[in-house]
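Engineer: 3D, please:
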Amino acid sequence: MSKILVLYYSRTGTSAKVAQSLAKALDATVEQISCEKYRGVLGYVRAAYDSLKRRLPVIELPDDYAPDDYDCLVIGGPIWTSYPAAPLRAFLDDNQRLPQKMALFLTYGGHSPPEKALKDIEVLLGSQLEEHVFVREKDVDAGSSPEGMADFIDRLKKR
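Structural biologist: Take a look at the predicted model:
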């Protein structure tokens with residue numbers, strides 16, 4: 001069985017719930033990307049503005065983050081103003097040591113098509129991802145299993 005890392009950014013907790021659920025289902029390690037800039041009420045405004053302007057914030061990774069220790073990286077977080085959250089983009093833009101196998105989950109509220117954010121990430125990576133799933137925020141809030149999540153987990157387990 002391969003070693004999997006679920007690495008996520010979450011401003012409101014929605015993506016954190018998805019990451020924890022995925023890590024449990026995949027028997028994976030879970031770690032969080034931190035970004036102080038977007039905390040609090042003003043953080044919401046800064047996040048939207050930076051997303052639209054394509055600005056990349058300073059992020060913090062866990063002290064023991066070692067991508068070479070894993071066979072697969074599942075990265076995830078929210079979509080902001082039709083783009084992947086700025087901390088996700090900052091991680092991908094600045095990270096040259098990524099595992100060969102990568103998968104993605106994106107959480108979204110329903111206002112922006114998630115396919116646009118996926119394309120943005122694939123451009124940053126310079127390649128397509130192994131697997132991806134889009135998770136509606138209302139499904140997470142309702143505690144229901146998001147559409148496509150079971151298939152996403154099965155595909156990752158088979159790889």
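
Engineer: how long is stretch 69-85 end to end?
Structural biologist: Its first and final residues considered, stretch 69-85 spans 25 Å by Cα to Cα, to the nearest Å.

Engineer: chain center to it: distance?
Structural biologist: The chain centroid and the centroid of stretch 69-85 are separated by 2 Å under Cα atoms, centre = their mean, to the nearest Å.

Engineer: check which residues of it are buried.
Structural biologist: Neighbour-count burial for stretch 69-85 flags 70, 72-81, 83-85 (criterion: 16 or more other Cβ atoms under 10 Å). In this view, the C-beta of every residue, glycine as well, is placed from N, C-alpha and C.

Engineer: what's the farthest-apart pair in those residues?
Structural biologist: Greatest spatial distance among those (Cβ to Cβ): 70 and 81, at 30.5 Å.

Engineer: in this structure residue 46 contacts residue 37, no?
Structural biologist: Yes. Residue 46 is within contact range of residue 37, at 5.9 Å (criterion: Cβ atoms under 8 Å).

Engineer: does the residue positioned nearest the centre of the chain count as helix, strand or coil?
Structural biologist: Against the mean C-alpha coordinate of the chain, by Cα atoms, centre = their mean, the closest residue is residue 76 at 1.1 Å. Under DSSP: H, G, I helix; E, B strand; the rest coil, the three-state class of residue 76 is strand.

Engineer: which residues touch it?
Structural biologist: 6-9, 15, 18-19, 22, 88, 104-107 (Cβ atoms under 8 Å, 6 or more residues apart in numbering).

Engineer: residues near residue 107, how many?
Structural biologist: Residues contacting residue 107 under the criterion other Cβ atoms under 10 Å number 27.

Engineer: separation between it and residue 124?
Structural biologist: 18 Å (Cβ to Cβ, to the nearest Å).

Engineer: which parts of the protein are strands?
Structural biologist: 4-8, 29-32, 72-80, 83-84, 101-108, 131-136 (DSSP state E).

Engineer: could I get the ones you listed as a markdown table with distance to residue 58 and mean pLDDT?
Structural biologist: Shown next, in a markdown table, are the strands of the chain (distance: least, Cβ to Cβ, whole Å; pLDDT from 0 to 100):
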| stretch | distance to residue 58 | mean pLDDT |
| --- | --- | --- |
| strand 4-8 | 17 | 96 |
| strand 29-32 | 15 | 96 |
| strand 72-80 | 16 | 95 |
| strand 83-84 | 17 | 92 |
| strand 101-108 | 22 | 95 |
| strand 131-136 | 26 | 95 |
